[in-house]
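Asker: okay, predicted coordinates and the sequence, questions at the end:
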Amino acid sequence: MKEVAAELPSTFTTGAARALGVHPRDLYSWRDTGQVIELSRGVFRRADAPVPSFPDFLAVAYRSPTAIVCCASAAAAHELTDELPVAVQIAVPGRARAPRVDYPPTTVYRFDERTFEIGLSRLEAAPGEWVRIYDAPRTVVDLMRLRRRLGEPLAHTALQRYVKQRGAKPALLLEYASALGVHGPMRTALDIASAG
C-alpha cells in the first residue's frame, strides 16, 4: 500500500495531488483505506492532519475560492446564534457563476459586486488554514437585510448578541447598513436592542 505523499498539505484538491505526480488511482486508494478523508468532491484532507474546527467551510472554500461564508453560517461561527444551518451559506458576486457543491450542502446567495467585500474577514477553519467569511457586523447587517427570507428572530438575536460582545461597534453596523441599503431598519433595531 502506497503512503500518502509527504509533500501534500493537510487539505488539498485532486488537481494539487496530480501536480505532485499522484495518480488518481492512488488518491482513491488512500481514501478507501482511510489515509485521506474526502471533504467534498475533489477536496481531500490527510487523516493525520489536525482536526478542522470548520470542515464544511474548508471544503466549500476549496470548491469556490472567491465565495465568502455569510448569513446564518457566519452568525454561528461568530457565536451570534445557537442555530446550526443545515447548509453552508456562502455569498458570490452577483454575476459570478454559482458553484455547484453537492456536499457539504450549500446555499448560495448573490450579493452586489460593488459591496461584495465590505466586511470581508478570515476565519481559521483548521490550524493554519483560513477561509473567507464576513465579519460579525456585516453578518448582522446581512441577516437584517434578509430577515424576511431567513427569519426576523435570527436577525434580532444576532444583533442583540453582537451589541453585548466586548468590542462591539454599533457605528460600524450603521456604516455597513447605509452601504447595503438597510440603514432605517438597522437603526430602529439597534435602538431597541440598546434599550433592552
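Answerer: That came through, no problem. Owing to the predicted nature of the structure, the values given are computational and were not obtained by experimental measurement.

Asker: buried stuff in the helix or strand hosting residue 157?
Answerer: Assigned by DSSP states H and E, residue 157 belongs to helix 152-164. For helix 152-164, a neighbour-count test (16 or more other CB atoms under 10 Å) marks 154, 155, 156, 157, 158, 159, 160, 161, 162, 163 as buried. Backbone N, C-alpha and C define where each C-beta goes, glycine included.

Asker: just stretch 177-196 next, same as before
Answerer: Buried residues in stretch 177-196 (16+ other CB under 10 Å): 177, 179, 180, 182, 183, 186, 189, 190, 193.

Asker: the fifth one touches residue 175, doesn't it?
Answerer: No. Counting by CB atoms under 8 Å, residue 183 does not reach residue 175; the two are 9.2 Å apart.

Asker: grab the nearest non-local neighbour of residue 61.
Answerer: residue 131 (4.2 Å; CB to CB, 6 or more residues apart in numbering).

Asker: distance-wise, check the one you found relative to residue 164.
Answerer: 26 Å (CB to CB, to the nearest Å).

Asker: kindly report the same for residue 53.
Answerer: When residue 53 is compared with residue 164 (using CB to CB), they lie 23 Å apart.

Asker: ditto for residue 151
Answerer: 20 Å.

Asker: what does residue 182 give?
Answerer: From residue 182 to residue 164 the distance is 21 Å (CB to CB).

Asker: by mean pLDDT, which helix or strand of this structure comes out lowest?
Answerer: Lowest on mean pLDDT, DSSP states H and E among the helices and strands of the chain sits helix 183-195, with a mean of 83.

Asker: relative to the whole chain's centre, how far out is that one?
Answerer: Relative to its parent chain, helix 183-195 has a centroid offset of 26 Å by CA atoms, centre = their mean, to the nearest Å.

Asker: which helices and strands does that helix pack with?
Answerer: helix 136-145, helix 152-164, helix 170-179 (3 or more CB pairs under 8 Å, 6 or more residues apart in numbering; DSSP states H and E).
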